[in-house]
Each structure stands twice: as C-alpha cells, then as structure tokens.
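> Here you go, sequence then predicted model.
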Amino acid sequence: MDTIGERLDYIRKEKGKSYQALADLVGDISGDAIRKAIKRNNIKDYYINVLSEKLGINKKWLKTGEGNIYNNETQKYDLLTIEESNILDKLVTTNEEGLLKHKLFSTWFKLKLAEKENQIHREYKLARENNK
C-alpha cells in the first residue's frame, strides 16, 4: 500500500464499511464522492482527521504508511463497526479473550432477530461442511 487512498481503502474493507458508511462518518459528502477521492488519492486533510479519529486509525500510518495501523490495537476488532456477516470471521482471528467476549455479547444483542438467525445458519452450515 503505497498511497493514502490505498491505505484508506484497505481500512474500509477491513472494517466492513461501504463508501457510503465512510461518507456518513465524515458528513457532508456523498459515498460516490469519497470513493472517487480515494481512487484518485485526493483525500482532504479534514477527511483524514475525521476518519482516523472515528475508526481508531493512526494518522501517521494513514498518511505515510509508517507505524501501527491502529491507535489502539484492540480497536482493530471493534465488533460494533463490522457488518454482521463478518463478525464471526473476525472472532476466528482474535485471541483477546475477555474483551472479545464482551464485544461479542454486546454486538449480538444489538443484532435484529433475522440477522441472528442468518448468522447461526451460516455457522451451522460451515460446521457441517468442516465435519464431513
């Protein structure tokens, strides 16, 4: 990742965010406009400041690629910022036991019933496939 745009797009995908979700965090910009800014590597300092603060991203890393990606490594797995379909994928890659359990339960209770059922069905299907 050589550019701010590439790094911001990486974070967007890592966090499970759409361009519109990033635009909503910044405010006063459309999802299409922020997508174009990222693709053209033409991101205003204001957007960098807001997004780094709201997503917990190290501003120095975002601008230069140097240092840690996250201000606080526990924010890397902030389950409240991950779309429902990616929650358990993120859990599999994490070992932060106590914090992880807290975030899992907090997130689970915020999901709608249909989202919970879909997630359970997905995990059940995956478990059956792995046990064959």
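Perfect, thanks for sending it.
> which residues of the protein fall in helices?
Assigned helices in the chain, in chain order: 4-14, 19-26, 31-39, 45-55, 59-64, 87-92, 97-110, 113-130 (criterion: DSSP state H).
> helices and strands around the longest one, which ones?
When you say that, I think you mean helix 113-130. helix 87-92 (3 or more C-beta pairs under 8 Å, 6 or more residues apart in numbering; DSSP states H and E). Where you see a C-beta, it was placed from the backbone N, CA and C, and this is true even at glycine.
> Equivalent analysis for the second one, please.
Of the remaining helices and strands, those touching helix 19-26 by 3+ C-beta pairs under 8 Å, 6+ apart are helix 4-14, helix 31-39, helix 45-55.
> hmm, who's touching it?
Residues from elsewhere that reach helix 19-26 (C-beta atoms under 8 Å, 6 or more residues apart in numbering): 8, 12, 29-35, 38, 46-47, 50-51, 54-55.
> Let me have the helices and strands packed on helix 19-26 in CSV, extended by mean neighbour count, mean pLDDT and distance to R122.
Shown next, in CSV, are the helices and strands packed on helix 19-26 (neighbours: other C-beta atoms under 10 Å; pLDDT from 0 to 100; distance: least, C-beta to C-beta, whole Å):
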stretch, mean neighbour count, mean pLDDT, distance to R122
helix 4-14, 17, 91, 20
helix 31-39, 16, 93, 27
helix 45-55, 16, 90, 26
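> Can you redo the ones you listed as JSON lines, where the extra columns are distance to I120?
Converted to JSON lines, the helices and strands packed on helix 19-26 look like this (distance: least, C-beta to C-beta, whole Å):
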{"stretch": "helix 4-14", "distance to I120": "25"}
{"stretch": "helix 31-39", "distance to I120": "31"}
{"stretch": "helix 45-55", "distance to I120": "28"}
